[in-house]
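In: sharing a model that was predicted from the sequence below.
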Amino acid sequence: QVQLVESGGGLVQAGDSLRLSCAASGRTFSSYAMGWFRQAPGKEREFVVAISRSGGITDYADSAKGRFTISRDNAKNTVYLQMNSLKPEDTAVYYCAASLYGGRSSRGYNYWGQGTQVTVSS
């Protein structure tokens, strides 16, 4: 079992930055690939970015490329999402998730956090 707790969301203006954190507890954090997903009101949950167990491989959705950066600190059991140049269309609840295999499909992730709200005003 892995417990995930996100933090760092908030209300910002377009062009601002936020850093989300996801703290994990339970089984060995470094055994899991980690992903960030988001869900806007009335829309399906969508993939944002994923990172491999060691942190050496990352995969970004087109919407995140060049603006978002994922990283992880296995010593601290934490994964981060640095979001720069935020846009109103980035408004969503952001979820971190853990997977033995990684990938872009939410079905591949076994454990989920409760989510943190990010709101970007224009």
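Out: Thanks, I have it.

In: quick one: low-confidence parts of this protein?
Out: Confidence mapping of the chain against pLDDT under 70 gives the ranges 27.

In: with adjacent residues omitted, what lies nearest to the residue nearest in space to the middle of it?
Out: Central residue of the chain (Cα atoms, centre = their mean): W36, 2.5 Å from the mean position. Of all residues not flanking W36 in the chain, V48 sits nearest, at 4.4 Å (Cβ to Cβ, 6 or more residues apart in numbering). For the C-beta atoms, the positions are set from N, CA and C on the backbone; glycine is no exception.

In: that neighbour against R38, yeah?
Out: Yes - if you go by Cβ atoms under 8 Å, V48 and R38 touch, sitting 5.4 Å apart.

In: shared neighbours of those two, anything?
Out: Both V48 and R38 are contacted by Y94, under the criterion Cβ atoms under 8 Å, 6 or more residues apart in numbering.

In: buried residues of stretch 87-105, list them for me.
Out: Buried residues in stretch 87-105, counted by 16 or more other Cβ atoms under 10 Å: D90, T91, A92, V93, Y94, Y95, C96, A97, A98, S99, G102.

In: and which of these is nearest A24?
Out: Comparing the buried residues of stretch 87-105 against A24 with Cβ to Cβ places A98 closest, at 6.8 Å.

In: what's the helix or strand for that closest one?
Out: In the assignment (DSSP states H and E), A98 maps to strand 92-99.

In: and the contacts of the helix or strand that that strand is followed by?
Out: Downstream of strand 92-99, the first helix or strand assigned by DSSP H and E is strand 111-112. Contact with strand 111-112 is made by Q1, V2, Q3, L4, Y32, Y95, C96, A97, A98, as judged by Cβ under 8 Å, 6+ apart.

In: same thing but at 6 Å, please
Out: Applying Cβ atoms under 6 Å, 6 or more residues apart in numbering, the contact partners of strand 111-112 are V2, L4, Y95, A97, A98.
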